[in-house]
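In: here is my input; please provide its structure:
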Amino acid sequence: MDVLAILISIILIILAILHFFWALFGIKNPETVVPTEIGSNHVKTPNKIMAVLVGLILLGFAFVFINRIIDYVDFEWLQYVSIGIGIIFIIRAFGDFKYVGFFKTAKNSKFSALDTRYYSPLCLLMGALILILELMD
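Out: Reported below is the predicted structural model:
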């Protein structure tokens, strides 16, 4: 199970680095990573502060799983935090029923195609792996 925790941590760290990169250097094609409003071709410009915040949250998630391996913090409730993280990823995979997730109604953009093909399946996989990791322990 340590291999699974390492894999989850690596994916979360890569996603965090990607968000930090976007905050520092901007997004070259925002239409591929940000939803387009329904009935419009206008893509909202992502906020750099929010990109850093998401990156920090993803790093925090990664350290929860790194803790399973090196045990630098000994709190029993971290297992429940980990289960919560898994549930967050599963909820993201199902989405808000408008712009993100498998059941989105806005299917008019490059983002929606990429979300259906890559982003939502990754979130579902991450959520499932996290729940498997925590519930099998």
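
In: how about the helices in the chain?
Out: 2-25, 48-70, 78-94, 110-114, 120-135 (DSSP state H).

In: now the residue of the chain most remote from its centre: phi and psi?
Out: Distance from the centre of the chain peaks at G39, with 26.4 Å (Cα atoms, centre = their mean). When read as degrees, to the nearest 10, the backbone of G39 gives phi 80, psi 10.

In: and what of V33?
Out: phi -120, psi 0.

In: just checking, I13 touches A62?
Out: Yes. Between I13 and A62 there is a contact at 4.9 Å, judged by Cβ atoms under 8 Å. Using the backbone N, CA and C atoms, a C-beta is placed for each residue, glycine as well.

In: before we move on, the earlier item: so which of the helices of the chain is nearest E31?
Out: Between E31 and those, the shortest gap by Cβ to Cβ is with helix 110-114, which sits at 4.9 Å.

In: quick one: mean pLDDT over that closest one.
Out: In this model, helix 110-114 carries a mean pLDDT of 93.

In: and the residue lying closest to K48 once chain neighbours are set aside, what does it touch?
Out: Spatial nearest neighbour of K48, chain neighbours left out: A23 (4.5 Å); criterion: Cβ to Cβ, 6 or more residues apart in numbering. If you count contacts by Cβ atoms under 8 Å, 6 or more residues apart in numbering, A23 has them with K48, I49, A51, V52, G55.
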